[in-house]
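[1] no sequence for this one, just the structure:
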């Protein structure tokens, strides 16, 4: 069950990327790219944080 849920979340994120690019709005594309970059950096720093 967990694998199928994970797959569906990945599919939804990919669909959002496709929708953003197909919109043709450069501001929206830039915002999407920036948020993905910032989100990934935050997650990496959070996982490295010693508890």
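    Everything's here; your move. Because the structure is a prediction, the values reported are computed rather than measured. Numbers count the residues shown, from 1 in each chain.
[2] Apart from its chain neighbours, what residue comes closest to residue 23?
    The shortest distance from residue 23 to any non-neighbouring residue, by Cβ to Cβ, 6 or more residues apart in numbering, is to residue 29 (7.7 Å). C-beta here means a position set from N, CA and C on the backbone, and glycine is covered the same way.
[3] For the helix or strand containing the one you found, enumerate the helices and strands it packs against.
    In the assignment (DSSP states H and E), residue 29 maps to helix 26-48. The elements that helix 26-48 packs onto, with contact taken as 3 or more Cβ pairs under 8 Å, 6 or more residues apart in numbering; DSSP states H and E, are helix 2-23.
[4] Next, the buried residues of the helix it packs on.
    residue 20 (16 or more other Cβ atoms under 10 Å).
[5] chain center to that helix: distance?
    Here helix 2-23 is found 9 Å from its chain centre; the criterion is Cα atoms, centre = their mean, to the nearest Å.
[6] now for that helix, which elements pack on it?
    helix 26-48.
[7] got the angle between the helix it packs on and helix 2-23?
    150 degrees (axes from the mean of the first three to the mean of the last three Cα atoms, to 10 degrees).
[8] Pull out the buried positions in the helix holding residue 29.
    Buried residues in helix 26-48 (16+ other Cβ under 10 Å): residue 32.
[9] Look at the residue positioned nearest the centre of the chain and report its pLDDT.
    Nearest to the mean C-alpha position of the chain, by Cα atoms, centre = their mean, lies residue 36 at 4.7 Å. For residue 36, the pLDDT comes out at 93.
[10] from the chain's centre, how far out does the helix or strand of the chain with the lowest mean pLDDT sit?
    Least confident helix or strand, the chain: helix 26-48 with a mean of 91, by mean pLDDT, DSSP states H and E. Helix 26-48 sits 7 Å away from the centroid of its parent chain (Cα atoms, centre = their mean).
[11] Show me the contact partners of that helix.
    16-17, 20-21, 23 (Cβ atoms under 8 Å, 6 or more residues apart in numbering).
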